[in-house]
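> After the sequence you'll find the predicted model.
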Amino acid sequence: MLKLITAGLFLIFLSSTYGEKAPLKNLEHKYKLSVSNLLLPSANSTQGVGQFCAQLQRLSAWPLEQTYQSLRDRNLEPLGKALVCAYGLLNRFFLTPQLSLAFHEFGHARSFLAFNPDSDPYYYNGFHLRGYIGDTFYHMLVCAYTNTSRSAMVLPKNVREFIKYAEQHTDKEEVLRRAQALINRPEIDSVVTFGGGLNNQAILAGIIEDQAIFDHGVYVFDFIPIYINKIYPYLYPTIEVPETLTLGDIYTGDNLSLIKVANDQGTIQRHYRRHKIIPDYDVDMAHLGCFLSLALSSSTYQSIYGMYQFLGNGEIFTKPFCIKGVYLPNTSFFYTSKGLSLRFKIAYEWSPSLLFFATYETVYKGLSAHEFVLSAHKTFHNFFDIKLKTSVCASFCEGSFEGMQGSIGISYPIHKYLNIDGSYALFNGNTLDGERTIPYDDLDHVFSAGITLSF
């Protein structure tokens, strides 16, 4: 299948050398909503759920844009600007946190299932396990809007069994022994699993950045989900998980506490140190990565320009920074099994119908690992405006080839506002991208079919 994906890349490149007719339909729309089998809980798809979150974020601006344009037409632009700014604050407190929280927790659940399909992860409302939510992203999303504490956690079956045992037995020394065995298990002692939530937030920020390039439009408040999701490792609390637990680590008085048994930053730190991936690991190393992802991203400065344009000219959408077809790069920070990494992504618009992305990811603290991704997106205006997209990824670690993965997809416009979509993706858990996105197993083939509403 990788040969087919590579052939798709070659076909796209070859087609770019020939002239084309004007597009049959205007297919550039700012608002989209895609429905496909990737949204099913059984799909366990980071791509499907992440795209859904990004589209909801953008769709929320549609009624605001309509209202604002109506006020401008009536010479009430100051009122319109005040309304847009008020909405930005509303977005900050009542939309971005909920989508980010749900997608964060989904990152843990996906990783548990990818590691072990029998892990049976459940979402819990709050850190005290008092309210069982469910076992899907949608349970978590509803909870994020109804749970005022905005805290949640995902636990696999073996942790729930441990909690049940601890609540039913009074022998604290035996509970301590079981807790120690639990945190030494590979699904708990795992950066891929406990870094999955923070990684998902970086992925969501990256999807929003890519969305702006595809649509040739940056929404004035895109910076809110981008900033928050990129910088979240800095905001996330760190509670160290000791190598050897004591009763004080798992009990607060007579109440069972899991904070020192398994928490995101603490578990990541413990894993990097004990497996000598980063023997001197400190959370400040991760903080550096998330700040670099902001400082080295064009979206950071695009947001400042976008706000300036809005306040000065009333433009809700601005074009992303582009110099002679080259879109200035964006950067993402990730926790990986090889160490802390930065991913740099740059886009090049060969023509109005052909867009390339080149991605390079490197581990800056940990093992020596490098990953390269090339993707292309082509619209065939001579052939019913069909869109073809394909990507190939190659990963290397410590001088050795780790693996490849790739995807190919097609989109056919059946109406000005409707596209039929289909795709195939090969995921490889040995790649940096694969370990944080693969739905199941070490090598997974994923087929998707759906429809996209665009306007």
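Good, I have the coordinates.
> Show me where the stretch 1-150 of the chain has its strands.
In the stretch 1-150 of the chain, the strands defined using DSSP state E, counting those that start in this stretch lie at 32-36, 122-125, 131-134.
> same deal with the stretch 251-400 of the chain?
Assigned by DSSP E, counting those that start in this stretch, the strands in the stretch 251-400 of the chain fall at 251-252, 255-256, 317-318, 322-323, 326-336, 339-351, 354-366, 369-380, 386-397, 400-415.
> Now stretch 151-168 - C-alpha only, PDB.
This file holds the C-alpha atoms of stretch 151-168, laid out as PDB (Å, rounded to 0.1, in the frame of the first residue of the first chain):
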ATOM      1  CA  SER A 151     -11.300  18.100  35.900                       C
ATOM      2  CA  ALA A 152     -11.400  14.500  34.700                       C
ATOM      3  CA  MET A 153      -9.200  11.400  34.300                       C
ATOM      4  CA  VAL A 154      -9.100   8.300  32.200                       C
ATOM      5  CA  LEU A 155      -8.400   4.900  33.900                       C
ATOM      6  CA  PRO A 156      -7.800   1.500  32.400                       C
ATOM      7  CA  LYS A 157      -9.400  -1.600  33.700                       C
ATOM      8  CA  ASN A 158      -6.500  -2.800  35.800                       C
ATOM      9  CA  VAL A 159      -6.500   0.600  37.700                       C
ATOM     10  CA  ARG A 160     -10.200   0.300  38.400                       C
ATOM     11  CA  GLU A 161      -9.700  -3.200  39.700                       C
ATOM     12  CA  PHE A 162      -6.900  -1.900  42.000                       C
ATOM     13  CA  ILE A 163      -9.200   0.800  43.300                       C
ATOM     14  CA  LYS A 164     -12.000  -1.700  44.000                       C
ATOM     15  CA  TYR A 165      -9.600  -4.000  45.800                       C
ATOM     16  CA  ALA A 166      -8.200  -1.100  47.900                       C
ATOM     17  CA  GLU A 167     -11.700   0.000  48.900                       C
ATOM     18  CA  GLN A 168     -12.700  -3.500  50.000                       C
END
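> rewinding a little: any idea which of the strands of the stretch 251-400 of the chain scores lowest on pLDDT?
Per-stretch mean pLDDT for the strands of the stretch 251-400 of the chain is lowest at strand 255-256 (a mean of 84).
> Could you identify which of the strands of the stretch 1-150 of the chain is most buried?
strand 122-125 (a mean of 22; mean count of other Cβ atoms under 10 Å). In this view, the C-beta of every residue, glycine as well, is placed from N, C-alpha and C.
> model confidence over it, on average?
The predicted model gives strand 122-125 an average pLDDT of 87.
> For it, name the packing helices and strands.
With contacts taken as 3 or more Cβ pairs under 8 Å, 6 or more residues apart in numbering; DSSP states H and E, strand 122-125 sits against strand 131-134, helix 137-146, strand 152-155.
> right, and those - which one's nearest residue 328?
Across those, residue 328 has its closest neighbour in helix 137-146 (32.3 Å, Cβ to Cβ).
> how about that closest one: buried residues?
Of all the residues in helix 137-146, those buried under the rule 16 or more other Cβ atoms under 10 Å are 137, 139, 140, 141, 143, 144.
> those helices in the stretch 151-300 of the chain, which residues are they?
Secondary structure of the stretch 151-300 of the chain by DSSP state H, counting those that start in this stretch: the helices cover 157-168, 172-183, 191-194, 196-214, 223-235, 247-250, 264-274, 283-295, 298-313.
> Pick the most buried one from the strands of the stretch 251-400 of the chain.
Greatest average neighbour count among the strands of the stretch 251-400 of the chain goes to strand 326-336 (a mean of 23), per mean count of other Cβ under 10 Å.
> gap between it and the chain center?
The chain centre lies 12 Å from the centre of strand 326-336; the measure is Cα atoms, centre = their mean, to the nearest Å.
> partners of it, with directions?
strand 322-323 (antiparallel), strand 339-351 (antiparallel) (DSSP bridges).
> need those strands in a markdown table with distance to residue 414, can you?
Formatted as a markdown table, the strands paired with strand 326-336 follow (distance: least, Cβ to Cβ, whole Å):
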| stretch | distance to residue 414 |
| --- | --- |
| strand 322-323 | 31 |
| strand 339-351 | 25 |
